[in-house]
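> build the 3D model from these lines:
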Amino acid sequence: MSSLDDILENKENRTQKTNDNWKAKKQNTRNEVFKIANDTAVQAVFDEKTFVKYLDTQSKFDMYSATNALLIMAQNPNATQLKDFESWKKAGLQVKKDEKGIKILEPSGEYKDKEGNVRQGFNVKSLFDISQTDSDKETDFKAQPDSKELLKALIYRRPVQISMTNQLEHGRGAYYDHEKQLIFVVRGQSDPELFRSVSYELAHAEFAQDDKDYTRKKYDFPSYCVSYMLCKKNGIDTSNYNFGNIPESYRAVEPAQIRAKLSEIRDVMSNITERMNRILSPEKVPKQKEQER
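Below is the predicted model:
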């Protein structure tokens, strides 16, 4: 082998080794982030306070997937407004020196595993909260719509019709009748009571659209979660919500399955929120994007 061949071969070997090390480091970082998400998911379904923290985080960041909401909660539960480094820079703000980014996962395209199965790949991305920048304000506060506007937005393009009634069994304020494809709503409730009761039953109706085997029992807890998040997001009192009895079906499964269940809840909340935004903020309705499932 000539000297030139030897030089070129050594260079190729060094390049390959560098690439292999970079890929391994990247994979290790992904694994670490997924572990944080899985550990947080398990903690959430076994601890009421953590579960409520997750719901609060997801209600603030409905554009983010359930997995990313878990990651945000685990790393900075007080976050209010997130962007990456360059996006803050474009917004005229600088991330403070030595600030640690919030790691989330974003899709990087599909690939085939060793068995030939198509998988979704992910990259780790770092975000920073506005409190980590040189901004002199925590977040951009905007006026909350009045209760009538919120109710109008809540029922915009609903999947089933609403029928008013004077009374329902068990003191309910509203009830989704799956057979009749109607939401019955009791007259005379205050606006906050209406928002809570209708959002709960609307969530039931939403879940029923995608499941031919829908039962009320199956979707009672997910609908309750959706209602809570919609109330939390829109400034409706949530003090009477109680998450002390998280179903065993959320605990007796693998972490990835917990995340999948939370994703179903997130998707319904996000879909309703998107429709509401068409009434409340028609000039800036973002296309809902699931960043990770």
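> quick check: the residue nearest to T165 when sequence neighbours are not counted vs Q161, distance?
Excluding the flanking residues, the one nearest T165 by Cβ to Cβ, 6 or more residues apart in numbering is F184, at 4.9 Å. All C-beta spots, glycine's among them, are computed from the backbone N, C-alpha and C. For F184, the distance to Q161 equals 10 Å [Cβ to Cβ, to the nearest Å].
> wait, the residue nearest to T165 sits on G173?
No - counting by Cβ atoms under 8 Å, F184 sits too far from G173 to count as a contact (9.7 Å).
> then stretch 248-263 to PDB, C-alphas only?
Only the C-alpha atoms of stretch 248-263 are listed here, as PDB (Å, rounded to 0.1, in the frame of the first residue of the first chain):
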ATOM      1  CA  GLU A 248     -56.100   1.700  37.300                       C
ATOM      2  CA  SER A 249     -56.100   1.300  33.500                       C
ATOM      3  CA  TYR A 250     -53.700   4.200  33.500                       C
ATOM      4  CA  ARG A 251     -51.400   2.600  36.000                       C
ATOM      5  CA  ALA A 252     -51.300  -1.000  34.900                       C
ATOM      6  CA  VAL A 253     -49.600  -0.300  31.500                       C
ATOM      7  CA  GLU A 254     -46.200   0.500  30.200                       C
ATOM      8  CA  PRO A 255     -45.000   4.100  30.200                       C
ATOM      9  CA  ALA A 256     -45.400   4.400  26.400                       C
ATOM     10  CA  GLN A 257     -49.000   3.300  26.700                       C
ATOM     11  CA  ILE A 258     -49.600   5.900  29.400                       C
ATOM     12  CA  ARG A 259     -48.200   8.600  27.100                       C
ATOM     13  CA  ALA A 260     -50.500   7.200  24.400                       C
ATOM     14  CA  LYS A 261     -53.500   7.600  26.700                       C
ATOM     15  CA  LEU A 262     -52.500  11.100  27.600                       C
ATOM     16  CA  SER A 263     -52.000  11.900  23.800                       C
END
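> which residues does it contact?
With Cβ atoms under 8 Å, 6 or more residues apart in numbering as the test, stretch 248-263 has contacts from 37-39, 41-42, 44-46, 54, 58, 65-67, 69-70, 221-222, 290, 293.
> just the buried residues of it, please?
Residues of stretch 248-263 classed as buried: Y250, V253, P255, I258, R259, K261, L262, S263 (neighbour count, 16 or more other Cβ atoms under 10 Å).
> rewinding a little: looking at F184 and Q161, which has the bigger crowd around it?
Using other Cβ atoms under 10 Å, the more surrounded residue of F184 and Q161 is F184, with 18 against 11.
> checking that one next. Helix, strand or coil?
F184 falls in the strand class when you classify it by DSSP: H, G, I helix; E, B strand; the rest coil.
> ranges for the strands of the stretch 101-250 of the chain?
102-112, 118-129, 161-165, 174-177, 182-186 (DSSP state E, counting those that start in this stretch).
> give the bridge partners for L105, please.
For L105, the beta-bridge assignment (DSSP bridges) gives partners V124.
> ok, back up a step: could I get the strands of the stretch 101-250 of the chain as TSV with mean pLDDT?
Shown next, in TSV, are the strands of the stretch 101-250 of the chain (pLDDT from 0 to 100):
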stretch	mean pLDDT
strand 102-112	88
strand 118-129	92
strand 161-165	98
strand 174-177	98
strand 182-186	98
